[in-house]
Each structure stands twice: as structure tokens, then as C-alpha cells.
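[1] Task: produce atomic coordinates for the following.
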Amino acid sequence: MFGSLGLPEILLLVLIVILIFGAKRLPEIGRGLGKGIQNFKKALKGKPDEIESTSKTEEKEEEA
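    As a prediction, the model looks like this:
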């Protein structure tokens with residue numbers, strides 16, 4: 001119940017953001033958030049590869 005936002009809450013948040021930043025800066029803010037989310041997703045996808053390469057390197061060092 002407390003974790004979900006309904007339409008009135010979302011509209012209130014949008015109104016507050018418009019009042020704080022202004023309507024002209026909203027696209028810029030949206031682009032920045034989108035790029036941040038995209039970079040975060042890329043970083044999460046890259047983690048398993050990094051973990052595998054690190055473990056393979058450690059195995060090779062132990063063999064030597």
C-alpha cells in the first residue's frame with residue numbers, strides 16, 4: 001500500500017518538479033536520467049563478464 005504511487009501522487013510530484021526546475025529544463029533532466037539509467041544497466045550487464053575474467057585470471061595465477 002505505502003510503496004505504490006497513484007495518479008494524484010505522481011501529478012503532485014510532476015507539479016513540484018515543474019515549479020522547482022521550470023518547464024524548459026524538464027527535457028534536459030529527462031535526458032540526464034535516461035542516460036544514467038542506461039549506464040547503470042550497462043554496468044550491471046558488464047559485471048558477470050568482469051567477475052568471470054577475474055576468476056579465470058586468479059585460476060591461472062594459482063596454476064603457475
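
[2] If you rank every helix and strand of the protein by mean pLDDT, what lands last?
    helix 26-63 (a mean of 76; mean pLDDT, DSSP states H and E).

[3] count of neighbours near Ala43?
    Using other C-beta atoms under 10 Å, Ala43 is surrounded by 10 other residues. C-beta: built from backbone N, CA, C; applies to glycine.

[4] no no, Arg25
    13.

[5] Does Leu5 belong to a helix, a strand or coil?
    Judged by DSSP: H, G, I helix; E, B strand; the rest coil, the three-state class of Leu5 is coil.

[6] how close does it get to Val14?
    For Leu5, the distance to Val14 equals 11 Å [C-beta to C-beta, to the nearest Å].

[7] Likewise for Lys35?
    Distance of Lys35 to Val14, computed by C-beta to C-beta: 20 Å.

[8] again, but for Ile20
    Distance, Ile20 to Val14, using C-beta to C-beta: 11 Å.

[9] And for Ala43?
    Going from Ala43 to Val14 by C-beta to C-beta gives 28 Å.

[10] ditto for Lys45
    As defined by C-beta to C-beta, Lys45 lies at a distance of 31 Å from Val14.

[11] got it, and Leu7?
    Taking C-beta to C-beta as the measure, Leu7 falls 11 Å from Val14.

[12] Need the contact partners of stretch 23-31.
    Stretch 23-31 has contacts (C-beta atoms under 8 Å, 6 or more residues apart in numbering) with Val17, Ile18, Phe21.

[13] what's the helix or strand for the second one?
    Think Ile18. Applying DSSP states H and E as the criterion places Ile18 in helix 7-21.

[14] Need the CA coordinates for that helix. CSV is fine.
    Only the C-alpha atoms of helix 7-21 are listed here, as CSV (Å, rounded to 0.1, in the frame of the first residue of the first chain):
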residue,chain,number,x,y,z
LEU,A,7,-2.1,9.1,-10.2
PRO,A,8,-2.7,12.0,-7.7
GLU,A,9,0.7,11.5,-6.1
ILE,A,10,2.5,11.3,-9.5
LEU,A,11,0.8,14.5,-10.7
LEU,A,12,1.8,16.3,-7.5
LEU,A,13,5.4,15.2,-7.9
VAL,A,14,5.4,16.4,-11.6
LEU,A,15,3.9,19.7,-10.5
ILE,A,16,6.6,20.2,-7.8
VAL,A,17,9.4,19.3,-10.3
ILE,A,18,8.0,21.8,-12.8
LEU,A,19,7.9,24.5,-10.1
ILE,A,20,11.4,23.8,-8.9
PHE,A,21,13.2,23.4,-12.3
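
[15] Right, I'll leave it there.
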